[in-house]
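**Student:** need a 3D model of the sequence below.
(one chain, ligands or ions: 1)
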Amino acid sequence: MDYDEFFADKVAALKTEGRYRVFADLERDAGKFPAAINYQGDEIADVTVWCSNDYLGMGQSTVVMDAMHQAIDKCGAGAGGTRNISGTNHYHVLLEQELAKLHKKEAGLIFTSGYVANLTTLSTIGQMLPDCVIISDALNHNSMIAGIKHSRSEKMIFKHNDLEDLERKLKKVNSHQPKMIAFESVYSMDGDISPIKEICDLAEKYNALTFLDEVHAVGLYGNHGAGVAERDGIMDRIDIIQGTMAKGFGVVGGYIAGSASLCDFIRSYGDGFIFSSSMPPAVAAGCLASVKYVKEHNELREQHQERASTLKQRLSDIGIPVMPTETHIVPVIVGDPVLCKQASDELMFNHGIYVQPINYPTVPRGTERLRFTPTPLHNDELMDHLVKALKKVWGQLGLKEAA
Ligand SMILES: *Cc1c(COP(=O)(O)O)cnc(C)c1O
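**Tutor:** Prediction:
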């Protein structure tokens with residue numbers, strides 16, 4: 001077999017379908033967010049980034065950068081091992097305490113990424129709880145699906161945010177069997193929010209554990225930025241809250257927060273926690289500074305929401321088909337992978353606007369979209385420019401207008 005031919009054919013198939021992924025080669029410019037430099041072959045161009053998950057621009061906050069500079073000078077580059085074998089630095093310990101406090105839980109546990117946090121936690125619980133059934137929302141993130149698959153426990157999928165279907169599934173499981181409901185608070189592609197309270201009511205009724213991914217909500221919702229469960233006053237009803245430090249907190253790394261016994265259990269049995277070197281101390285220090293800062297700055301959250309609702313309003317005013325979301329996510333439907341890429345290229349190369357096309361399998365076919373994530377740093381002037389450019393591109397490519 002010609003292996004290379006096989007690999008090349010697989011990639012060619014993606015190109016034919018119009019969903020081959022091209023990465024924008026960016027150089028972020030600290031202090032100038034959302035401006036960046038885009039390397040385009042031999043040339044460079046200034047662009048405005050409109051699709052970053054650094055939702056508050058904390059990735060360039062001097063508070064965070066100073067903490068990282070200090071920690072790197074103090075502790076050096078790497079952590080030097082796994083958490084068990086010389087890789088636990090004091091910053092890791094402080095960060096776990098801070099995250100526990102943020103979510104009002106007994107303990108926190110950090111991972112190298114949010115992906116690894118989901119994969120490890122779900123797979124470990126599913127593997128170890130005898131006869132466990134995991135009941136999972138149909139639109140859960142790939143990292144949760146990977147964790148559930150890897151657990152090899154029985155799984156049931158309930159229709160997205162559908163309480164009746166969830167209850168139907170819960171009823172099907174033997175009452176003596178352990179169960180876990182796995183879901184997200186903010187679904188980041190459609191920008192909708194799950195009925196957390198009602199899901200907790202069902203979990204209580206059927207004695208199920210609750211696992212909530214707040215990746216697109218931490219830093220952004222609630223009085224201290226602990227997420228939607230904090231905003232809704234129901235953090236105490238969630239058994240396991242999972243989050244990332246790579247999005248709203250602007251650095252990198254994942255975590256869970258929960259009871260002391262749960263975190264000690266994952267710490268002791270979770271392969272993805274045990275067998276991987278811990279994050280560099282300076283990264284942990286940056287995360288710690290970010291969580292502490294964001295907790296105290298509600299005005300960031302208010303500005304963030306204001307920017308998102310203003311953009312949604314302005315786009316719908318000119319007939320751009322923006323999905324009516326209740327969150328900070330501003331998805332604009334194109335509905336075709338090739339046109340979606342064309343629109344994105346047009347914006348990038350002729351208007352200095354970077355917004356990544358989102359195609360299958362990240363979203364269902366036929367719902368290809370541009371997903372805008374305005375931050376508090378996207379000012380009116382940048383927004384004027386975006387709105388004008390979108391209007392032009394929409395006409396030029398003959399894209400569908402809002403109904
Ligand atoms: C991005 C994402 C993750 C993974 O988090 P990382 O820290 O980027 O690995 C997990 N869940 C959801 C819903 C995500 O969007």
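**Student:** what about the strands in the stretch 51-200 of the chain?
**Tutor:** For the stretch 51-200 of the chain, applying DSSP state E, counting those that start in this stretch gives strands covering 107-111, 133-137, 154-158, 179-184, 186-187, 192-193.
**Student:** er, the stretch 251-400 of the chain I mean
**Tutor:** For the stretch 251-400 of the chain, strands defined by DSSP E, counting those that start in this stretch occupy the ranges 254-258, 330-333, 353-354, 357-358, 369-372.
**Student:** can I get the ones you listed in TSV with mean pLDDT, distance to N53 and mean neighbour count?
**Tutor:** In short, each C-beta sits where N, CA and C put it, glycine included. Formatted as TSV, these follow (pLDDT from 0 to 100; distance: least, C-beta to C-beta, whole Å; neighbours: other C-beta atoms under 10 Å):
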stretch	mean pLDDT	distance to N53	mean neighbour count
strand 254-258	99	13	27
strand 330-333	97	13	23
strand 353-354	98	13	22
strand 357-358	94	12	23
strand 369-372	97	10	23
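**Student:** need those strands in TSV (columns: distance to the ligand).
**Tutor:** TSV is the format used below for these (distance: least, C-beta to the nearest ligand atom, whole Å):
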stretch	distance to the ligand
strand 254-258	5
strand 330-333	14
strand 353-354	19
strand 357-358	12
strand 369-372	12
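**Student:** would you confirm that T121 contacts I240?
**Tutor:** Yes: with contacts counted by C-beta atoms under 8 Å, T121 reaches I240, the gap being 6.5 Å.
**Student:** show me the helices in this structure, by range?
**Tutor:** In the chain, the helices defined using DSSP state H lie at 3-17, 62-75, 90-102, 114-128, 142-151, 163-172, 196-205, 228-231, 260-269, 271-274, 281-295, 298-317, 337-351, 380-397.
**Student:** next up, the contacts around K32.
**Tutor:** Q60 (C-beta atoms under 8 Å, 6 or more residues apart in numbering).
**Student:** report pLDDT for the closest residue to A107 other than its chain neighbours.
**Tutor:** Using C-beta to C-beta, 6 or more residues apart in numbering and skipping residues adjacent in sequence, the residue nearest A107 is C263, 3.8 Å away. In this prediction, C263 carries a pLDDT score of 98.
**Student:** neighbours of C263, just the number please.
**Tutor:** 24 (other C-beta atoms under 10 Å).
**Student:** measure it to the ligand for me?
**Tutor:** Distance of C263 to the ligand, computed by C-beta to the nearest ligand atom, to the nearest Å: 18 Å.
**Student:** correct me if wrong: that residue contacts L109.
**Tutor:** Yes: C263 lies in contact with L109 (C-beta under 8 Å); the separation is 4.5 Å.
**Student:** which residues do those two both contact?
**Tutor:** What both C263 and L109 touch, as defined by C-beta under 8 Å, 6+ apart, is the set I256, A257.
**Student:** so T121 and I240 - more neighbours on which side?
**Tutor:** T121 (31 against 24).
**Student:** if you count neighbours, what's buried in stretch 283-298?
**Tutor:** 283-295, 297 (16 or more other C-beta atoms under 10 Å).
**Student:** in JSON lines, list the residues you listed along with distance to the ligand and pLDDT.
**Tutor:** Formatted as JSON lines, these follow (distance: C-beta to the nearest ligand atom, whole Å; pLDDT from 0 to 100):
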{"residue": "V283", "distance to the ligand": "12", "pLDDT": "98"}
{"residue": "A284", "distance to the ligand": "14", "pLDDT": "98"}
{"residue": "A285", "distance to the ligand": "18", "pLDDT": "98"}
{"residue": "G286", "distance to the ligand": "14", "pLDDT": "98"}
{"residue": "C287", "distance to the ligand": "11", "pLDDT": "99"}
{"residue": "L288", "distance to the ligand": "16", "pLDDT": "99"}
{"residue": "A289", "distance to the ligand": "18", "pLDDT": "98"}
{"residue": "S290", "distance to the ligand": "13", "pLDDT": "98"}
{"residue": "V291", "distance to the ligand": "14", "pLDDT": "98"}
{"residue": "K292", "distance to the ligand": "19", "pLDDT": "98"}
{"residue": "Y293", "distance to the ligand": "19", "pLDDT": "98"}
{"residue": "V294", "distance to the ligand": "16", "pLDDT": "98"}
{"residue": "K295", "distance to the ligand": "19", "pLDDT": "98"}
{"residue": "H297", "distance to the ligand": "22", "pLDDT": "98"}
